[in-house]
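A.B. asks: Quick check, what structure comes out for this input:
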Amino acid sequence: MFMYSRLKWEENAMENIRFTGFATLFFLLLLFLPFPHSTAQDVAAIPTEKSAAESETVESLQIKVSVNEVRLDVVVLDKKTRNPVTDLTAADFEVFQNNKRQAIVSSVYVENQSSATANPSSNRKNNRNLPSLPSADLKREDTRRTIIFVVDDISMSFEDGYYSKMALRNFVEKQMQTGDMIAILKTSYGNSALQMFLSDKREALARINAIHLDRALPPNPPAPEDDDHILYRVYDNQLSTLSYSLRALQDMPGRKILIMMTAIPKLRSIADPGLLGIFMRITVMGGVDFKASYIGHFNRLADDALRAGVVVNFLDIGGLRNHAAQEYMIYGLNSNSFNGWSQHDINMRELWEKMKNESPGNALNPLPTKTGGVTIENSNFFLDGIGKETESLMKGYYLVSYAPPADTFSSGDKEIFNQVKINVKRRNVDVYTRDGFYNRLQSDMDADTSQDPMVKAIFSPFLNADLDVNMTAGYVKDAKAGYLVRSWIHLDPKDLKIVETQDGGARIDLEMVCLTSDTNGFVQDFKHVKHSLDFEPDNKSENIAWIQKHGIRFAMLLPVKKPGFYYVRTAVRDVESGKVGSAYQFVEIPDVGKKALSLSNIFIITSADDLKWQLADETIESQDGVFFPVIQGENVRSPALRTYESGDMLQTLMVLYNADDKAIAGSEIEIQSILYRDGVELRRSEPIPISSSGAVGADGILIFQRFTIGPDMPPGDYVRQLAITDKKNSKKPEGNASQFLSFTVK
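C.D. replies: Numbers count the residues shown, from 1 in each chain. Prediction:
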């Protein structure tokens with residue numbers, strides 16, 4: 001038994017049906033009608049190559065150290081307002097190399113900020129329990145700022161870790177802009193920045209929420225570490241993570257910024273000059289002069305940062321120290337139990353207190369000053385993200401170019417540091433820039449060319465476009481696997497190399513990888529296959545013509561055992577030509593077992609086979625994954641292609657889980673459609689109750705929709721949101737569920 005009701009929304013129609021097994025499948029197969037689709041228009045437009053002038057413009061925005069030119073980035077802030085000064089010319093700058101004035105060749109201001117865009121928050125005005133909208137994938141050429149946040153959790157107490165996550169969330173919610181690409185690392189473990197660059201705020205917040213910085217008190221606390229041992233661990237891990245981050249940023253586009261949040265922004269120094277002081281330090285006082293030990297390492301990193309074009313900032317996560325000291329005295333020194341603090345928290349608070357009262361020789365880490373960044377101390381910057389001054393430094397910069405003296409790089413093997421100073425003639429301004437560079441022409445940070453191209457493509461934050469690969473993916477609940485991630489992949493054949501065989505046939509050799517990874521970059525499930533498409537002489541022409549018209553379609557299943565946030569990634573390589581294409585999608589899998597309203601992803605249905613596969617009670621080989629091509633199937637477009645024209649119709653399917661039968665019978669559960677264009681709400685339907693016969697379904701309520709691209713939808717990027725609300729629990733997260741479908745109208 002099932003019933004369906006038609007929901008009106010201008011030219012759109014939706015049906016929602018209680019899922020009862022193959023009876024519903026049979027009904028929907030009868031209901032299913034292929035929708036109009038374009039032919040030649042289905043192929044995405046091929047971007048043209050940049051002109052020589054455009055290429056020169058892009059090249060001119062790079063920081064550079066060479067025999068003929070030194071090009072440095074300079075930020076100028078107004079002392080009073082702390083806002084960037086943007087109207088300077090080359091005549092306003094003075095450049096000195098090793099105290100000798102140099103002739104300036106050029107000066108240009110580079111704007112990092114994106115133009116003001118509408119805040120797509122209207123979907124949260126009526127219901128704050130709904131998630132924010134997804135953003136379009138950020139292309140390499142559209143990236144304005146690439147930022148790595150390093151959380152120095154080894155130096156932090158529990159409280160510091162809490163403030164770090166607060167700063168990260170506030171940055172994403174308040175300061176992150178269109179055109180920003182960010183990654184988040186910790187010094188305690190793991191270097192996975194290349195896997196974790198994000199441009200979508202939803203993904204960034206999921207990553208932040210997944211970071212574990214709290215340290216529970218162990219049953220038998222170890223003996224407290226001595227100060228030197230703690231500082232060795234802190235500084236060594238700072239160096240390691242900073243070095244890795246600079247390498248990860250070297251090939252990234254846009255303004256490149258590294259922000260380290262740490263509880264120890266200083267290098268500990270024992271300032272007692274003279275032989276007697278050294279003797280006392282070794283024999284009586286003990287301790288290590290970490291400033292003397294590590295200053296050379298950080299100076300080298302500063303030169304690497306220059307050649308990678310990275311500005312480094314240190315943010316002291318301790319905030320206003322008077323408040324921290326008061327709290328420490330109350331909960332630390334004056335308490336025998338430390339109120340449940342872990343041994344690590346106690347060690348870090350005691351070390352901070354000692355460093356505060358020690359020699360004034362303790363010096364701030366030199367990286368920020370040497371790279372044009374800042375160190376923020378005694379400020380609760382985390383209340384607003386990364387603070388006003390750090391944000392101002394990220395808004396834009398001047399590229400000041402000069403021709404270096406002829407002997408700058410002529411010292412043979414001898415390493416010489418060329419000191420640079422840049423002054424601005426205007427009064428009441430502060431200047432932030434590099435302090436110099438070593439006399440080496442090529443960076444030691446050469447890109448790693450040994451990495452497998454498939455691995456590089458599948459983990460890159462940008463799509464590899466040598467081959468045109470499109471993908472759409474989503475999850476459904478599965479009785480055997482727990483959850484299944486189902487993906488449709490489409491490969492455009494225009495760049496594939498078809499190999500003629502000796503028997504008169506033809507062959508296309510492909511290598512494919514598909515995997516899921518969590519927000520920490522760890523691979524969960526993986527499938528790697530090599531596939532040859534063989535065309536017999538008798539049907540070679542027919543099959544090749546079909547592929548050239550429709551492309552090559554693949555279907556992919558991967559089991560996922562646990563709910564959470566995942567990336568579904570795929571890469572395809574043409575073995576003969578070596579060309580690689582990639583695609584990825586962010587998928588959120590809720591915990592359906594918690595009985596809160598939940599929705600599967602929205603699946604685009606283009607054929608009866610798609611629908612049958614989607615509705616099957618048991619998925620064949622779902623535990624091992626399935627990867628198979630579709631050739632000479634129905635003449636319909638692939639679900640992975642989400643570019644449409646006016647008049648095209650989208651048919652979609654999703655499943656609603658944990659809906660209460662009584663609430664549905666009483667029309668208490670409603671569905672609403674909201675359409676956004678380029679992040680701005682275009683229109684929304686009135687909430688309409690979901691109807692049901694009252695029969696109990698095995699998996700949930702199936703919601704089948706048809707949506708026509710109307711003439712009132714101009715070209716652009718669209719998001720269609722489906723929001724379902726239990727009116728009795730509308731103010732609670734468990735009473736709301738929402739999913740999005742992104743597509744483009746040409």
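A.B. asks: What segments of the stretch 251-400 of the chain are helices?
C.D. replies: Here the stretch 251-400 of the chain has its helices, by DSSP state H, counting those that start in this stretch, at 275-280, 290-308, 321-328, 343-357, 367-371, 388-393.
A.B. asks: ok, Ile264 to Asp236 distance?
C.D. replies: 12 Å (CB to CB, to the nearest Å). For glycine as for every other residue, the C-beta is placed from the backbone atoms N, C-alpha and C.
A.B. asks: Compare the two (neighbour count), which wins?
C.D. replies: The residue with more neighbours, out of Ile264 and Asp236, is Ile264; 26 against 14, by other CB atoms under 10 Å.
A.B. asks: what sits against the more buried one?
C.D. replies: Listed by CB atoms under 8 Å, 6 or more residues apart in numbering, the contact set of Ile264 reads 152, 155, 231, 234, 351-352, 355.
A.B. asks: Tell me, what's the model's pLDDT at it?
C.D. replies: For Ile264, the pLDDT comes out at 90.
A.B. asks: quick one: it from Phe535, how far?
C.D. replies: On the measure of CB to CB, Ile264 and Phe535 end up 64 Å apart.
A.B. asks: low-confidence ranges in the stretch 601-746 of the chain?
C.D. replies: 609-610, 612-636, 692-699 (pLDDT under 70).
A.B. asks: tell me the contacts of Asp509?
C.D. replies: Counted by CB under 8 Å, 6+ apart, Asp509 has contacts 499, 530-533, 574-576.
A.B. asks: Could you export those residues as TSV, including pLDDT?
C.D. replies: As requested, the contacts of Asp509 are exported to TSV (pLDDT from 0 to 100):
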residue	pLDDT
Val499	91
Lys530	86
His531	84
Ser532	87
Leu533	86
Asp574	94
Val575	93
Glu576	93
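A.B. asks: how about the helices in the stretch 451-600 of the chain?
C.D. replies: Taking DSSP H, counting those that start in this stretch as the criterion, the stretch 451-600 of the chain carries its helices at 453-459, 540-550.
A.B. asks: Could you look over the ones you listed and pick the most buried one?
C.D. replies: helix 453-459 (a mean of 19; mean count of other CB atoms under 10 Å).
A.B. asks: and for that one, what are the contacting residues?
C.D. replies: Contacts for helix 453-459 (CB under 8 Å, 6+ apart): 194-195, 464, 511, 513, 515, 569-571, 573, 578, 580-582, 584.
A.B. asks: Looking at the contacts of Ile264, which one is closest to Tyr644?
C.D. replies: Closest approach between the contacts of Ile264 and Tyr644, by CB to CB: Asp152, at 47.2 Å.
A.B. asks: Spatially nearest residue to the closest one, not counting backbone neighbours?
C.D. replies: Nearest residue to Asp152, sequence neighbours excluded (CB to CB, 6 or more residues apart in numbering): Thr262, at 3.6 Å.
A.B. asks: so how many other residues sit close to that neighbour?
C.D. replies: With other CB under 10 Å as criterion, Thr262 counts 25.
A.B. asks: For it, give me its contacts.
C.D. replies: Thr262 sits next to 150, 152, 155-156, 238, 314-317 when contact means CB under 8 Å, 6+ apart.
A.B. asks: run the last query once more with 7 Å
C.D. replies: Contacts of Thr262 were listed using CB atoms under 7 Å, 6 or more residues apart in numbering, and they are 152, 155, 314, 316-317.
A.B. asks: gap between it and Tyr483?
C.D. replies: Noted for Thr262: a distance of 38 Å to Tyr483, by CB to CB.
A.B. asks: Check Ala263 too.
C.D. replies: 39 Å.
A.B. asks: and if you look at Ala665?
C.D. replies: Ala665 is 28 Å from Tyr483, by CB to CB.
A.B. asks: Of those two, which one has the most company?
C.D. replies: Per other CB under 10 Å, whichever of Ala665 and Tyr483 has more neighbours is Tyr483, with 22 against 14.
A.B. asks: Verify the contact between the more buried one and Lys477 for me.
C.D. replies: Yes. With contact defined as CB atoms under 7 Å, Tyr483 reaches Lys477; the gap is 6.2 Å.
A.B. asks: Thank you, goodbye.
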